[in-house]
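Undergrad: only the shape, not the letters, is given here:
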């Protein structure tokens, strides 16, 4: 008998169109294996998720750039087809923010955490997050928000080059512009030029002190805050490999006890009165040893299945159980367990894993998505190779190197930097929500 109330379906919403978003597949499998009827509102034209045997039905997502009213129409249409209340889980930042704003309107049809409507947007906004950390006394890289091109150049010098440049609301950055949510800039002129594109990016530019990467410095924490304010269904993890190397999404992660990271996560969510699923990214300062919060994602991280305890609890199951007023099982943590995204770390997927391992795409009880992913990935790589071969010699890049968090170490060799430049030429589909 399932611990979950299988009379209540689940609806997964993802506005970002990323066919390689393995977190959506993880949520489908987690709930589907428990017997829950799973509906997915996401782009289904190429996604391997659609081939999962645990998907009850795929529904067309809102159009790119859809308004709140249009998103509400889409969700009401899905609710009408299901014809009974469902647990709604947002799988990307844009979805989480939209659901937060529409909470009162959606509540009759969907079960949602008792979250203040503006809180998801507040923590996802990089500029607001800096203020949140300051008020809660949570370590955060020194952050400056310039109000002119001259101030951007001055701030870069003040922080000490290189610096990290971020758009405050990365979910608004349009595709096809060459803009990235986060870059490392190496000159005041780069900072000035980036500031001039703020209107195009759709939000404010902020500049942060650069925290170099290094062994055991990148950490994350996933959790679900239930109705009582307790953090359940997650834990602290260490990023062992990233794609792109040193700065990108988690390609290999390991469940690793870390009382400092856990205490920071629990203190911050308690201070905010946060409810629901969250994913935090930390980087440890090599000088002070402090863990600095880099990102607060108000939704599941793509590798959330890493934190599946001995009772089978993870963050999406925790939300379903909590919102249907079912008790959450008291399972034991499974430190040492690893999570591998095969298309980004294929060799790691083949190595022994004594403490247990879960793969992002392959599953013995749901093989079709893994096969579909490799077919899609092969086509993706082939297109990129053809593009490079057909475009002839390319000039040396002048733009800042792309990163997701705080960049790579300035001690990288020229060969490593060249490799990173190639790897960071992400498509718009890949870059947004695979974190």
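TA: Looks like it arrived, so ask away. Since the model is a prediction, treat every value here as computed from it, not as a measurement.
Undergrad: just the buried positions in the longest helix seen in the chain, please.
TA: If you go by DSSP state H, the chain has its longest helix at helix 368-391. By neighbour count on 16 or more other CB atoms under 10 Å, the buried set for helix 368-391 is 369, 370, 372, 373, 374, 376, 377, 380. C-betas here are computed from N, CA, C, even on glycine.
Undergrad: redo those residues as a markdown table? Include distance to residue 307 and pLDDT.
TA: What follows is the buried residues of helix 368-391, written out as a markdown table (distance: CB to CB, whole Å; pLDDT from 0 to 100):
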| residue | distance to residue 307 | pLDDT |
| --- | --- | --- |
| 369 | 21 | 97 |
| 370 | 21 | 97 |
| 372 | 26 | 96 |
| 373 | 22 | 96 |
| 374 | 26 | 95 |
| 376 | 27 | 93 |
| 377 | 26 | 93 |
| 380 | 29 | 88 |
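Undergrad: re earlier: run the chain-centre distance for the longest helix of the chain.
TA: 23 Å (CA atoms, centre = their mean, to the nearest Å).
Undergrad: assumed residue 277 was part of a helix.
TA: No. According to DSSP: H, G, I helix; E, B strand; the rest coil, residue 277 belongs to no helix; its state is strand.
Undergrad: list the contacts of it.
TA: With contact set as CB atoms under 8 Å, 6 or more residues apart in numbering, residue 277 has these partners: 89, 222, 223, 224, 298, 299, 300, 304, 315, 316, 318, 319.
Undergrad: same question, residue 207
TA: 143-146, 152, 155-156, 159, 163-166, 185, 191.
Undergrad: redo those residues as TSV? Include neighbour count and distance to residue 173.
TA: Below are the contacts of residue 207 laid out as TSV (neighbours: other CB atoms under 10 Å; distance: CB to CB, whole Å):
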residue	neighbour count	distance to residue 173
143	20	18
144	18	20
145	16	17
146	22	18
152	28	17
155	24	20
156	26	20
159	19	22
163	29	19
164	23	15
165	25	12
166	27	10
185	24	16
191	26	17
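Undergrad: give me the element residue 254 is part of.
TA: Secondary structure from DSSP states H and E places residue 254 in strand 249-255.
Undergrad: pairing partners for that strand, with directions?
TA: strand 231-243 (antiparallel), strand 338-340 (antiparallel) (DSSP bridges).
Undergrad: correct me if wrong: residue 20 contacts residue 374.
TA: No. Counting by CB atoms under 8 Å, residue 20 stays clear of residue 374, with 11.4 Å between them.
Undergrad: common neighbours of the two, please.
TA: If you check residue 20 and residue 374 against CB under 8 Å, 6+ apart, the residues they both contact are residue 343.
Undergrad: residue 208 belongs to a helix?
TA: No. Applying three-state DSSP, one finds residue 208 to be strand, outside a helix.
Undergrad: run through the bridge partners of it.
TA: residue 143, residue 164.
Undergrad: report the contact partners of residue 362.
TA: 342, 349, 370.
Undergrad: nearest to residue 334, of those residues?
TA: Residue 334 lies nearest to residue 349 out of these, by CB to CB, at 18.6 Å.
Undergrad: shouldn't the closest one be within a helix?
TA: No. Read with three-state DSSP, residue 349 is coil and lies in no helix.
Undergrad: let me know the pLDDT of it.
TA: pLDDT recorded at residue 349 is 95.
Undergrad: and it, how far from residue 239?
TA: Separation of residue 349 from residue 239 (CB to CB, to the nearest Å): 16 Å.
Undergrad: so between these two, which is more surrounded?
TA: residue 239 (25 against 20; other CB atoms under 10 Å).
Undergrad: correct me, but the more buried one touches residue 216?
TA: No. Counting by CB under 8 Å, residue 239 sits too far from residue 216 to count as a contact (9.3 Å).
Undergrad: surely residue 260 touches residue 292?
TA: No. Using CB under 8 Å, residue 260 makes no contact with residue 292, being 11.6 Å away.
Undergrad: so between the two, which is more surrounded?
TA: Neighbour tally, residue 260 and residue 292, criterion other CB under 10 Å: the higher count belongs to residue 292, 23 against 14.
Undergrad: who are the contact partners of that one?
TA: Applying CB under 8 Å, 6+ apart, we find residue 292 in contact with 139, 140, 141, 211, 282, 283, 284, 285.
Undergrad: the third one against residue 291, yeah?
TA: No. In this structure residue 141 lies outside contact range of residue 291 using CB under 8 Å: 11.5 Å.
Undergrad: on the pLDDT front, check residue 248 for me.
TA: At residue 248, the model reports a pLDDT of 78.
Undergrad: which residues of the protein score low on pLDDT?
TA: The chain contains residues with pLDDT under 70 at 1, 246-247, 391-435.
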